[in-house]
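Enquirer: One predicted model, sequence on top.
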There are 2 protein chains.
Amino acid sequence: MSNITDIIERYLKQVLQSKNQNMIEIKRSEIADQFQCVPSQINYVINTRFTEEKGYIIESKRGGGGYIRIIRIEHQEQSDLLDAIIKLIQPTVTQQASVDIVERLLEKEVITEREAKLMVSVIDRNIISVPLPIRDEVRSRMMTAMLTTLKYTSK
Amino acid sequence: MSNITDIIERYLKQVLQSKNQNMIEIKRSEIADQFQCVPSQINYVINTRFTEEKGYIIESKRGGGGYIRIIRIEHQEQSDLLDAIIKLIQPTVTQQASVDIVERLLEKEVITEREAKLMVSVIDRNIISVPLPIRDEVRSRMMTAMLTTLKYTSK
DNA sequence: TATAATTAAGTCAAATATAGTCAAAGTCAA
DNA sequence: TTGACTTTGACTATATTTGACTTAATTATA
């Protein structure tokens, strides 16, 4: 348990806790210096220890003034239902199936009426407007992205 | 957040606010002196932080008595704002411009935080995932569909 | 009044500063 | 001794900073 990945993981989680907040912002190269490892090691730590499933969101910016932001999130109540739906719509999904899903989420009050309308409007075949079968793949990714967002965003 | 671009951006926005008006006029060389940077840095700040998508218009004059004017765009009605944005994003729109637009709508409380996250998630280049320039056309239709929905759906 | 000088702002590309990706090499436990 | 996990570094992508050169407006001068 003394590999550098675990050490950096523990350090970052400790900083998160001690600051008593759900966000920290780091400079990749500074952390790499601090722990004497290559910068890409930090990406490895983040990709394996601070994943969405584990309850984290990562934001970052390159260039001057760049940073990596680690945000702790709480999954919403209905996240099991959302996971099941996400599984169901891989790797393609039709417009009709998507509309049915959105309506079900509305009935279950997972989403608002306005959110439902937004979702239905954006997954329309005439809006995506690329040929089948690509279209249903694009829609699958779109739905997955939105459902994943719902998983960790409260009303 | 210690890069000069962000600092100057914050300063200019603060002056805009404190003056309680939607226009400020600056002398490029004076601001450059004040923040000890080259004059063209000011152009960089303006070109990346005070874009039309973010809701600003820039006017300027060279020569003696020259200036740069930053004007914040205001709309009377929400539907006017949405119409203006829809016009702006035809027939293509980049991811960055779209994110800027969504952030502006959130600021103006036209949409909720959750709606903003839904919109940002679905217009991501990796989600649409078709080659340019088609991708920016698809995104334009997607944004237009969602904005049109917002126009006709109350909160 | 032309023309030259001066005073601004604009453009663009190179240099610099970050972070991301990916695959090869290394490690370690079962 | 194999397979999963970790470490490393070369290469890529992106954002910012800088300065040389260009363009435009005003002012001074012949």
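Expert: Structure received.

Enquirer: CA atoms for contacts and neighbours, from now on please.
Expert: OK.

Enquirer: Chain A: strands as residue ranges?
Expert: A:23-26, A:56-61, A:67-72 (DSSP state E).

Enquirer: want to throw those into CSV with mean neighbour count and mean pLDDT?
Expert: Shown next, in CSV, are the strands of chain A (neighbours: other CA atoms under 10 Å in any protein chain shown; pLDDT from 0 to 100):
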stretch, mean neighbour count, mean pLDDT
strand A:23-26, 16, 97
strand A:56-61, 14, 98
strand A:67-72, 19, 98
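
Enquirer: Out of those, flag the one nearest DNA strand D.
Expert: strand A:56-61 (5.5 Å; CA to the nearest atom of the strand).

Enquirer: The closest one near DNA strand C anywhere?
Expert: Yes: using CA under 7 Å from any atom of the strand, strand A:56-61 reaches DNA strand C at A:59, A:60, A:61.

Enquirer: any idea which of these is closest to residue B:69?
Expert: Distance to residue B:69, by CA to CA, is smallest for residue A:61 among these, at 28.8 Å.

Enquirer: so what's that closest one up against?
Expert: A:67, A:68 (CA atoms under 8 Å, 6 or more residues apart in numbering or on different chains).

Enquirer: mind listing what the residue nearest the centre of chain A touches?
Expert: Centroid-nearest residue in chain A, with CA atoms, centre = their mean: residue A:52, separated by 5.2 Å. Counting by CA under 8 Å, 6+ apart, residue A:52 touches no other residue.

Enquirer: Where does the prediction get shaky in chain A?
Expert: Along chain A, the parts satisfying pLDDT under 70 run over A:1.

Enquirer: just the helices in chain A please.
Expert: Remark: helices assigned in chain A by DSSP state H are A:4-18, A:28-34, A:39-49, A:79-88, A:95-107, A:113-122, A:125-128, A:134-151.

Enquirer: Near DNA strand C, which residues of chain A? Just list them.
Expert: Residues of chain A lying near DNA strand C (CA under 7 Å from any atom of the strand): A:26-30, A:40, A:43, A:59-68.

Enquirer: okay, stretch A:93-110 in CSV with CA atoms only?
Expert: The C-alpha trace of stretch A:93-110 is given here as CSV (Å, rounded to 0.1, in the frame of the first residue of the first chain):
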residue,chain,number,x,y,z
VAL,A,93,-31.3,4.0,-29.1
THR,A,94,-34.3,5.1,-31.3
GLN,A,95,-36.2,8.3,-31.0
GLN,A,96,-39.3,6.6,-29.8
ALA,A,97,-37.5,4.6,-27.1
SER,A,98,-35.9,7.8,-25.9
VAL,A,99,-39.1,9.7,-25.7
ASP,A,100,-40.6,6.8,-23.7
ILE,A,101,-37.7,6.9,-21.3
VAL,A,102,-38.0,10.7,-20.8
GLU,A,103,-41.8,10.3,-20.2
ARG,A,104,-41.1,7.7,-17.6
LEU,A,105,-38.6,9.9,-15.8
LEU,A,106,-41.2,12.7,-15.8
GLU,A,107,-43.8,10.5,-14.3
LYS,A,108,-41.4,9.4,-11.6
GLU,A,109,-40.6,13.0,-11.0
VAL,A,110,-36.9,12.5,-11.7
